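> sharing a sequence plus its predicted fold:
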Amino acid sequence: VCGRASYCGAECQKKDWKSHKANCPPFFVKKIEGKGNGLIALRKISLGDKILSEKPLLVIENDKSDNFDDWCDQVTGQVNAMGDDNLKVYKNLADNESFQKTPEFIYLKFQKDFTEDNLKHLRILRT
């Protein structure tokens with residue numbers, strides 16, 4: 001199903017499965033109408049099977065402050081301190097235009113005078 005290996009027939013494919021399974025992804029990413037991107041299983045995945053692991057781009061400790069301004073400064077500071085490669089990935093995560101109509105956005109834009117980049121960083125987290 002993955003298309004990364006070719007076989008002369010189904011029998012050969014079945015014989016090679018134990019060897020090929022380790023290199024064959026268990027899922028693919030597909031755009032699902034009305035929902036965005038989703039993971040679609042390519043084979044049966046048993047309960048407890050690890051199919052994906054990742055290192056987070058950003059870890060936010062929400063218990064550091066109850067103050068919204070401090071939280072925003074903490075988050076944008078962490079984002080701005082990312083390396084160029086991670087920042088590029090982060091900026092492409094999401095950009096929900098409905099965030100521009102929320103009270104948080106209006107407050108940050110006009111009261112805190114946040115830059116467009118800092119507003120985008122927070123908008124990504126909000127979506």
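Now that the structure is in, tell me what you want to look at.
> tell me where this structure has strands.
Along the chain, counting by DSSP state E, strands occupy 27-32, 36-41.
> can you list the strands that the first one pairs with?
Using DSSP bridges, the strands paired with strand 27-32 in its sheet are strand 36-41 (antiparallel).
> now the partner strand, how far from the centre of its chain.
12 Å (CA atoms, centre = their mean, to the nearest Å).
> that one - what's its average pLDDT?
Strand 36-41 shows a mean pLDDT of 86.
> residue closest to the middle of this protein?
Leu93 (6.0 Å; CA atoms, centre = their mean).
> distance of it relative to Glu104?
18 Å (CB to CB, to the nearest Å). Placement of C-beta: from N, CA and C, glycine included.
> just Thr115 next, same as before
The value you get for Thr115 to Glu104, if CB to CB is used, is 16 Å.
> and Gly9, by the same measure?
59 Å.
> which one is Leu58 nearest to, not counting chain neighbours?
Among residues not flanking Leu58 along the chain, Gln78 sits closest, at 5.8 Å (CB to CB, 6 or more residues apart in numbering).
> count of neighbours near Ala41?
10 (other CB atoms under 10 Å).
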